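Peer 1: Need the 3D shape of this:
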Amino acid sequence: KSVGLNERVRSCILELGDELLDQQNRLKFGTMLTPHRVREVIEFLKGITEMACEFDADPNLVHASSGVIRLTESGLVAPLTHSPRHYLRNAHDFRFVRTPAWGRLVGGLAGLALGMKKNPFDLYSCQRPTKFLKYLCSMMDPEDVELLQLWIGSVLLGGNRHQKILVLSGSTGCGKSQLSVVIEALVGEENIGSLRTDNLRKRFETSSFIGKQLLVGADVSKDFLSGKQAEMLKSLTGGDSVPFEVKGGGFGSLKGNFGVFVSTNHTLRVPSTDKPESWRRRLMAIECKPRSYSEEIPNFGEKLLREEGDQIFTWAVYGAAKLLRQGGFALSSEQQERVEDIAVMRGSVRSFLQAEVRKGEGNCTSEEAEAAYREYCLETSKDPLNAREFQTRLGDEMKSLFGVSKSNNLKRNGRDKRGYRGVELES
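Peer 2: Numbering: from 1, shown residues only. Predicted structure coming up:
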């Protein structure tokens, strides 16, 4: 009994099936098209038309709604029209906006935020997303704006060739949430997976990452990177093979080359048993400062996308071009310090010592330093370490900042106390 296909489609399948099966010395279909024979043709066609790794053939293509943008290692930005030759899975809902000003140098603060330099390889200069750049410059330093541009561009390219994890931190109300809205819209909701480190080794968790470009951990706790499962983040960003299981049956593996974006109100910490170097080379950290805007604008991220979405997307594509041109991320000394704060858990201890301790002729016991530290964390809304972690970090940072080592015989009320000579607490 034939299946309910229209006659034209049915005849095409019969003709194609007869030809292909004839070539393989198999039986002809004849005139009757049964469900079994349809499945047989489909499976046969899959086998002869499959193109292995075709989606990885050109890693420097970005899929915009207006067409395809090809980038080169020299920084060339070449907009192309859509074509069946381009095999791309992760589409983005914004247009690449171009103007015919060849290599125009964008000046001023917005130009610094764009990170653009006069370059003979740039075919077009992008229109500036002025409101967006003003917003960014109100909440972070210009060097962090440039770092953000390069990182978003790397996500649009797909993969994670530099194996980076971006951490966006700051107090409540600094604008992280609205910036996250913009970032997730640029990448595309269908290209984003939710990152829950506590569930990473559960049966079906990693199968939700199939086909995604970016994994997002939103408003995470201070222990997000220190849980037992967080170690798997290294596999998800380092190009390792990550196994998955699909509900209803089916196993497989995917390549761990995802971009990872984490936002938090806390100073994150990594497991004390981990080697700091393994996190140093992966982490990038941007710290948001309280914005100077006098009033909050509801749904400001969506407003920016409506007014400047295409320009912001183009700005990010130029970030990808610049990243390819310079060959990777180059962190400033301050950005490296933030990474170090996370990698060796020194952040709140070092900032406490810099703010509340000075060199002098007196001394300070470990107990006095810990009491002052906890008061400092309370006043500055920082996350304090526990007593053991604090004393370990205190010794390292005292030696690093002031060149002093722990002494075991400081006198307090006639008794010996542990502490440090040559430093004093600020009064």
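
Peer 1: what's the spacing between Asp274 and Val216?
Peer 2: Using Cβ to Cβ, to the nearest Å, Asp274 is found at 23 Å from Val216. Any C-beta I mention is one placed from the backbone N, CA and C, and that applies to glycine too.

Peer 1: okay, these two: which has more neighbours?
Peer 2: Of the pair Asp274 and Val216, Val216 is the one with more neighbours under other Cβ atoms under 10 Å, namely 19 against 15.

Peer 1: Hmm, the more buried one is touching Asn191, no?
Peer 2: No: using Cβ atoms under 8 Å, Val216 is not in contact with Asn191; the gap is 10.5 Å.

Peer 1: and the nearest residue to Phe94 once chain neighbours are set aside, what does it touch?
Peer 2: In space, and not counting its chain neighbours, Phe94 is closest to Phe313: 3.6 Å by Cβ to Cβ, 6 or more residues apart in numbering. Contacts of Phe313 were listed using Cβ atoms under 8 Å, 6 or more residues apart in numbering, and they are 64, 92, 94-97, 186.

Peer 1: any idea which helix or strand carries Phe313?
Peer 2: Assessed by DSSP states H and E, Phe313 sits inside helix 300-326.

Peer 1: where exactly do the strands run in this protein?
Peer 2: Assigned by DSSP state E, the chain shows strands spanning 61-64, 67-71, 77-80, 165-169, 192-194, 214-220, 241-245, 251-255, 259-264, 283-287, 357-365, 406-412, 415-425.

Peer 1: Now render those as CSV, adding distance to Ala320 and mean pLDDT.
Peer 2: Shown next, in CSV, are the strands of the chain (distance: least, Cβ to Cβ, whole Å; pLDDT from 0 to 100):
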stretch, distance to Ala320, mean pLDDT
strand 61-64, 7, 92
strand 67-71, 6, 92
strand 77-80, 9, 84
strand 165-169, 15, 96
strand 192-194, 18, 95
strand 214-220, 14, 94
strand 241-245, 25, 92
strand 251-255, 20, 91
strand 259-264, 12, 96
strand 283-287, 16, 95
strand 357-365, 44, 93
strand 406-412, 49, 92
strand 415-425, 47, 94
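
Peer 1: Of those strands, give the one that comes closest to Lys202.
Peer 2: Counting by Cβ to Cβ, Lys202 lies closest to strand 241-245 out of the strands of the chain; the figure is 9.6 Å.

Peer 1: Put the alpha carbons of that closest one into PDB.
Peer 2: What follows is strand 241-245 as a C-alpha-only set of coordinates in PDB (Å, rounded to 0.1, in the frame of the first residue of the first chain):
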ATOM      1  CA  SER A 241      35.600  15.300  24.600                       C
ATOM      2  CA  VAL A 242      32.600  15.500  26.900                       C
ATOM      3  CA  PRO A 243      30.200  12.600  27.100                       C
ATOM      4  CA  PHE A 244      26.500  13.000  27.200                       C
ATOM      5  CA  GLU A 245      23.300  11.000  27.500                       C
END
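
Peer 1: Check which helices and strands that strand is in contact with.
Peer 2: Under the contact criterion of 3 or more Cβ pairs under 8 Å, 6 or more residues apart in numbering; DSSP states H and E, strand 241-245 touches helix 232-237, strand 251-255.

Peer 1: how about the shortest one: buried residues?
Peer 2: With burial defined by 16 or more other Cβ atoms under 10 Å, the residues of strand 251-255 counted as buried are Leu254.

Peer 1: how much distance is there from that strand to the middle of the chain?
Peer 2: Strand 251-255 has its C-alpha centroid displaced from the chain centroid by 21 Å (Cα atoms, centre = their mean, to the nearest Å).

Peer 1: What angle do strand 241-245 and it make with each other?
Peer 2: Orientation check (axes from the mean of the first three to the mean of the last three Cα atoms, to 10 degrees): strand 251-255 against strand 241-245 gives 150 degrees.

Peer 1: Strand partners (parallel or antiparallel) of strand 251-255?
Peer 2: Neighbouring strands of strand 251-255 in its sheet, by DSSP bridges, are strand 241-245 (antiparallel).

Peer 1: Now do the strand it pairs with: everything it contacts.
Peer 2: Outside strand 241-245, the residues within contact range by Cβ under 8 Å, 6+ apart are 203-204, 206-207, 209-210, 232, 235-236, 251-256.

Peer 1: Would you mark the buried spots in that strand?
Peer 2: For strand 241-245, the neighbour count (16+ other Cβ under 10 Å) marks 242, 244 as buried.

Peer 1: In the chain, what helix or strand scores lowest on average pLDDT?
Peer 2: When each helix and strand of the chain is scored by mean pLDDT, DSSP states H and E, helix 108-114 comes last, with a mean of 39.

Peer 1: Give me the neighbour count for the residue nearest to Ala355 when sequence neighbours are not counted.
Peer 2: Distances taken as Cβ to Cβ, 6+ apart put Tyr376 closest to Ala355, at 6.8 Å, once the chain neighbours are dropped. By the measure other Cβ under 10 Å, the count of residues near Tyr376 is 18.

Peer 1: what's the distance between Tyr376 and Met232?
Peer 2: On the measure of Cβ to Cβ, Tyr376 and Met232 end up 34 Å apart.

Peer 1: quick revisit: on the pLDDT front, check the residue nearest to Phe94 for me.
Peer 2: Looking at Phe313, its pLDDT reads 96.

Peer 1: Same check on the one 3 residues further on?
Peer 2: Confidence per residue is given as pLDDT, and for Ala316 that number is 95.

Peer 1: which residues does it contact?
Peer 2: Neighbouring residues of Ala316 by Cβ under 8 Å, 6+ apart: 149, 152-153, 156, 186.

Peer 1: ok, and the most crowded of these?
Peer 2: Per-residue neighbour counts (other Cβ under 10 Å) across the contacts of Ala316 peak at Leu156, which has 28 neighbours.

Peer 1: returning to what we had before: now do the helix holding Phe313 and strand 67-71, the angle between them.
Peer 2: Going by the same axes, to 10 degrees, helix 300-326 makes 40 degrees with strand 67-71.

Peer 1: the helices in this structure, which residues?
Peer 2: With DSSP state H as the criterion, the chain has helices at 7-23, 35-49, 108-114, 130-139, 142-157, 176-187, 232-237, 276-280, 300-326, 333-343, 347-356, 366-380, 387-402.

Peer 1: got these as JSON lines, with distance to Leu168 columns?
Peer 2: Listed next are the helices of the chain as JSON lines, based on distance: least, Cβ to Cβ, whole Å:
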{"stretch": "helix 7-23", "distance to Leu168": "51"}
{"stretch": "helix 35-49", "distance to Leu168": "43"}
{"stretch": "helix 108-114", "distance to Leu168": "16"}
{"stretch": "helix 130-139", "distance to Leu168": "10"}
{"stretch": "helix 142-157", "distance to Leu168": "8"}
{"stretch": "helix 176-187", "distance to Leu168": "6"}
{"stretch": "helix 232-237", "distance to Leu168": "16"}
{"stretch": "helix 276-280", "distance to Leu168": "16"}
{"stretch": "helix 300-326", "distance to Leu168": "13"}
{"stretch": "helix 333-343", "distance to Leu168": "11"}
{"stretch": "helix 347-356", "distance to Leu168": "15"}
{"stretch": "helix 366-380", "distance to Leu168": "19"}
{"stretch": "helix 387-402", "distance to Leu168": "24"}
